[in-house]
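# Can you look at this prediction? I've put the sequence above it.
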Amino acid sequence: MNKLVLECQNLSKHYDDGKHQVSVFEQIQLALNAGETAAIVGASGSGKTTLLNLLAGLDLASSGDVLLDGIAWSSMKDKQRAVMRNRNLGFVYQFHHLLPEFSALENVMMPMLIAGKSRKSASLKAESLLSKVGLSERLKHRPSQLSGGERQRVAIARALANDPACVLMDEPTGNLDEKTGNEIQNLIQTLKVELNMAFLIVTHDEGMLDWMDSAYRLHFGKLERLALTD
């Protein structure tokens, strides 16, 4: 049985707006196992980004908690959370956020170097990951020399660098054309099987639900599980 890698326990978030308290969402429950793909869809302004920040430990809940590999974000100090993110969590953005002055290989090496690995081992692992995502011939190219789909593949390889328990993706195909977006979707499907890794994808594109193991809609502060058809 696959282990539980990411869990929300009665997660709520609100902000104080002068005399009023503004609730973003209430009592959210979510469980994601290793080797599972899940999507969260919702309209603009529904709180998807806020939820993603909580899942990544970049912000803390007003009540309830998020557990990554069984450890609650709220139980850690800022430095501990940063280490946990680096070693146990991968992150892929809609806009790849690659470092423009570094090659594809160097961008993928970066999380490993931050984690204290040697340049040699980081380079070997980065080369292997770039080969896995189909970029073995593009190791020395900088982001400006890569296509949009290639840059997103580098970002995915970088997210996998430290063998995370879970990869969070924020609109990973939102800035790509349909063909390239489909290629990225196929890549995610392949990686989750090969690596038995959990992928949680936040998106407004409901077409992505067709290949998910589970899906949720964030609507009026509630996270509703959606019924998926085979």
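Nice, thanks for sending it over. Residues are numbered from 1 along each chain as shown.
# Against which helices or strands is the lowest-mean-pLDDT helix or strand in the chain packed?
Sorting the helices and strands of the chain by mean pLDDT, DSSP states H and E puts helix 178-195 at the bottom, at a mean of 81. When contacts are defined as 3 or more CB pairs under 8 Å, 6 or more residues apart in numbering; DSSP states H and E, helix 178-195 sits against strand 37-41, helix 148-159, strand 198-203. For every residue, glycine as well, the C-beta is placed using N, CA and C.
# Run a quick neighbour tally on residue 210.
11 (other CB atoms under 10 Å).
# mind checking pLDDT for it?
Note for residue 210: predicted pLDDT of 80.
# Pretty sure it sits in a helix.
Yes: judged by DSSP: H, G, I helix; E, B strand; the rest coil, residue 210 forms part of a helix.
# which ones are touching it?
Taking CB atoms under 8 Å, 6 or more residues apart in numbering, we find residue 210 in contact with no residue.
# Same question for residue 65.
Residue 65 is in contact with 8, 9, 10, 11, 72, 73, 74, counting by CB under 8 Å, 6+ apart.
# Among these, which one lies nearest to residue 225?
Among the contacts of residue 65, residue 8 lies closest to residue 225 (CB to CB), at 12.3 Å.
# re the thing from before, output the helices and strands packed on helix 178-195 in JSON lines; the columns should cover mean neighbour count, mean pLDDT and distance to residue 16.
Compiled in JSON lines, these are given as follows (neighbours: other CB atoms under 10 Å; pLDDT from 0 to 100; distance: least, CB to CB, whole Å):
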{"stretch": "strand 37-41", "mean neighbour count": "23", "mean pLDDT": "90", "distance to residue 16": "25"}
{"stretch": "helix 148-159", "mean neighbour count": "24", "mean pLDDT": "88", "distance to residue 16": "34"}
{"stretch": "strand 198-203", "mean neighbour count": "24", "mean pLDDT": "89", "distance to residue 16": "25"}
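# Using a markdown table, lay out these together with distance to residue 81.
Converted to a markdown table, the helices and strands packed on helix 178-195 look like this (distance: least, CB to CB, whole Å):
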| stretch | distance to residue 81 |
| --- | --- |
| strand 37-41 | 21 |
| helix 148-159 | 17 |
| strand 198-203 | 18 |
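# Of all those, which one comes closest to residue 105?
Closest approach to residue 105 among those is made by helix 148-159 (9.1 Å; CB to CB).
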